[in-house]
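Engineer: Provided below for reference: sequence and predicted model.
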Amino acid sequence: MERAGRVIAKLKLPAGTISPEQLACRGWVAAVGKRIAARARAVTLRDHKLVVEVDDAVWQGHLKVLERQILDRLEEVIGPGIVQGIEYWLAVPRRLPQFAAEPDFRASLTRRDERARSGRVQARRPGNTA
């Protein structure tokens, strides 16, 4: 497999078309694979360190152990000198939109009727607000 950096160099694009940050973030999936990339996403490149957002602390620990192998693989994919280290940040939990459930008025009426039949509910008297 040919390095992405070499392929891009062969395209003879104007300088600055693809930033090192874009190259590093796009190369992350190719370097670690789809399974890891689903749990850890490359966010940005700061001072030659790739910032990776990780789903939880367990994944963060596993990736720290594999960091040297990941850096070697990134170098193969995007070329040398772009990424020299990796920072792992815990991702902010994202909540899915929640929808209100439709109220079940029939169930509440049924319960009220059952209580009335059992004598637990007293009939309302004039002036009684409860």
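Structural biologist: Good, I have the coordinates. Numbers count the residues shown, from 1 in each chain.
Engineer: Who are the packing partners of the strand or helix carrying Glu21?
Structural biologist: For Glu21, the element it lies in under DSSP states H and E is helix 20-32. Packed against helix 20-32, as judged by 3 or more C-beta pairs under 8 Å, 6 or more residues apart in numbering; DSSP states H and E, are the following elements: helix 4-10, strand 40-46, strand 49-54, helix 67-78. Bear in mind the C-beta positions are built from the backbone N, C-alpha and C, glycine included.
Engineer: closest to Leu90 out of these?
Structural biologist: Closest to Leu90 of the helices and strands packed on helix 20-32, according to C-beta to C-beta: strand 49-54, at 6.0 Å.
Engineer: quick one: buried residues of the helix or strand just after the closest one?
Structural biologist: Per DSSP H and E, strand 49-54 leads on to helix 57-65 as the next helix or strand towards the C-terminus. Neighbour-count burial for helix 57-65 flags Trp59, Gln60, Leu63 (criterion: 16 or more other C-beta atoms under 10 Å).
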